[in-house]
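Colleague: Just a sequence and a predicted model for now, questions to come.
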Amino acid sequence: MHGPDGVDYDNRIVYEEVVRPERLVYTHGSSDDDPDQFQTTVTFVEQNGKTELTMRAVFASAAARDKVVEEYHAIEGGNQTLDRLGEHLGKTTR
């Protein structure tokens with residue numbers, strides 16, 4: 001990943017579960033033994049003709065979560081990613 005500060009960050013995502021069309025589960029870190037790695041579950045639920053997307057990330061500790069949020073601006077980055085997804089989906093045709 002290339003950050004806005006010009007720094008490149010190692011990222012490794014391993015998909016643990018893919019259940020179409022309802023769920024993705026993956027582990028995200030810089031390596032297999034990264035102490036800051038976390039597991040994310042993304043669910044997709046139909047709600048009144050639209051899709052509700054929920055992301056839940058589980059960290060080894062509150063300190064590990066805080067480190068990712070503070071050092072890597074994870075919440076801001078996640079929001080930017082979801083905004084870009086929304087823009088992309090808004091441009092698609094059926």
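Modeller: Here it is on my side, so go on. Residues are numbered from 1 along each chain as shown.
Colleague: Where do the helices of the chain begin and end?
Modeller: For the chain, the helices defined by DSSP state H occupy 62-72, 74-91.
Colleague: and Tyr26, which of these is closest to it?
Modeller: With C-beta to C-beta as the criterion, Tyr26 lies closest to helix 74-91 of those, at 13.5 Å. (C-beta placed from N, C-alpha, C; glycine too.)
Colleague: Mind giving me the packing neighbours of the closest one?
Modeller: With contacts taken as 3 or more C-beta pairs under 8 Å, 6 or more residues apart in numbering; DSSP states H and E, helix 74-91 sits against strand 50-58.
Colleague: Now do the strand it packs on: which elements does it pack against?
Modeller: Using 3+ C-beta pairs under 8 Å, 6+ apart, the elements in contact with strand 50-58 are strand 38-47, helix 74-91.
Colleague: can you list the helices of the chain in JSON lines and add distance to Val19?
Modeller: Putting those into JSON lines (distance: least, C-beta to C-beta, whole Å) gives the following:
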{"stretch": "helix 62-72", "distance to Val19": "25"}
{"stretch": "helix 74-91", "distance to Val19": "19"}
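Colleague: got the angle for the least confident helix or strand in the chain by mean pLDDT vs helix 62-72?
Modeller: When the helices and strands of the chain are scored by mean pLDDT, DSSP states H and E, helix 74-91 comes last with a mean of 88. Put simply, helix 74-91 runs at 70 degrees to helix 62-72, going by axes from the mean of the first three to the mean of the last three C-alpha atoms, to 10 degrees.
Colleague: Buried deepest among the helices and strands packed on strand 50-58, which one?
Modeller: When you average the neighbours per residue for each of those (mean count of other C-beta atoms under 10 Å), strand 38-47 leads with a mean of 14.
Colleague: Nearest to Arg56 among the helices and strands packed on strand 50-58 would be which one?
Modeller: Nearest to Arg56, of all the helices and strands packed on strand 50-58, is strand 38-47, at 5.0 Å by C-beta to C-beta.
Colleague: How far off centre is the closest one?
Modeller: Averaging C-alpha positions (C-alpha atoms, centre = their mean, to the nearest Å) puts strand 38-47 10 Å from its chain's average.
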